[in-house]
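> Generate a structure from the sequence data that follows.
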Amino acid sequence: MVERTQIIKAVTAALKQAPERKFQESIDITINLKHVDMAQPKNRIDETILLPQAIGVKKIAVLGKGDIVSQARNAGVDLIIGPDEIERLGGVPREARKMAGQYDFFLAETAVMPLVGRWLGQRLGPRGKMPQPIPPTLDITPIVERLRNSVKIRSKDRLNMSVKVGNTGMSVEEVSENIDAVVKRVVGRLESGELNIRSVYVKTTMGPAVKVM
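Here you go, the predicted structure:
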């Protein structure tokens, strides 16, 4: 596994080589895989990862009615959608696509999941944003808090994937800690672990890519 000092060295180099900007840039990593048959769905990476260091507010939508609506309001989620609105959005594809792009994570009470699948499945599914089903008695507050500091990384059928791990307003150590968490999680999902990693690169939005491993 890549050493933390190696990650810190790469992040430091990426920040140093990045052109100076008057705005805060994102910092992303790209993970390239090898010897993995992505034609097999079981080999594809689709992980929601809780980062040790927050990288910004994630927008969360809750779909349902009843108790989950009260919980969602108390938890401060960004959007609450009832059954009627789910059906309405199903008839306005452009608006549904916009909503799917604006929110990072979706939660839905189990009772409305058939409606979600019917009316919004085509908009959320391809983006890897199908809602996490919430049973009636489950408190969503800790789930919302966890998702606020989480990122989602997906490979689909490709051998490479990218994900945001920080921004230029964070310290090198904070960004490196997040990179370490993401790489360890992906390695843990691979059949041959680190042997399936071809390379990992880190870069700022406008900067050159620097090899981590």
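
> what bridges to the most centrally placed residue in the chain?
Centroid-nearest residue in the chain, with C-alpha atoms, centre = their mean: K152, separated by 1.9 Å. Following DSSP bridges, K152 is listed with bridge partners T48.

> How about exporting stretch 135-152 as PDB, limited to the C-alpha atoms?
This file holds the C-alpha atoms of stretch 135-152, laid out as PDB (Å, rounded to 0.1, in the frame of the first residue of the first chain):
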ATOM      1  CA  PRO A 135     -37.200   1.400   6.400                       C
ATOM      2  CA  PRO A 136     -40.000   3.100   8.400                       C
ATOM      3  CA  THR A 137     -38.300   2.900  11.800                       C
ATOM      4  CA  LEU A 138     -34.800   4.000  10.800                       C
ATOM      5  CA  ASP A 139     -33.600   7.400  11.900                       C
ATOM      6  CA  ILE A 140     -32.000   9.200   8.900                       C
ATOM      7  CA  THR A 141     -30.100  11.800  10.900                       C
ATOM      8  CA  PRO A 142     -26.900   9.800  11.300                       C
ATOM      9  CA  ILE A 143     -27.100   8.800   7.600                       C
ATOM     10  CA  VAL A 144     -27.500  12.400   6.500                       C
ATOM     11  CA  GLU A 145     -24.500  13.400   8.700                       C
ATOM     12  CA  ARG A 146     -22.300  10.700   7.200                       C
ATOM     13  CA  LEU A 147     -23.300  11.500   3.600                       C
ATOM     14  CA  ARG A 148     -22.400  15.200   4.100                       C
ATOM     15  CA  ASN A 149     -18.800  14.100   4.300                       C
ATOM     16  CA  SER A 150     -18.900  11.300   1.800                       C
ATOM     17  CA  VAL A 151     -17.900  11.000  -1.900                       C
ATOM     18  CA  LYS A 152     -19.100   8.500  -4.400                       C
END
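
> Give me the average confidence score over it.
Confidence over stretch 135-152 (mean pLDDT, whole number) is 94.

> Use 620 as the first number from now on
From this message on, residue numbering opens at 620, which makes the last subject stretch 754-771.

> quick revisit: got a list of what the residue nearest to the centre of the chain touches?
Residues near K771 by C-beta atoms under 8 Å, 6 or more residues apart in numbering: 665-668, 723-724, 747, 782. Where C-beta positions appear, they are placed from N, C-alpha and C, glycine not excepted.

> 10 Å instead, please
Counting by C-beta atoms under 10 Å, 6 or more residues apart in numbering, K771 touches 665-668, 677, 723-724, 746-748, 782.

> I'd like the mean pLDDT over the longest helix along the chain, please.
For the chain, the helix with the greatest residue count under DSSP state H is helix 791-808. In this model, helix 791-808 has an average pLDDT of 97.
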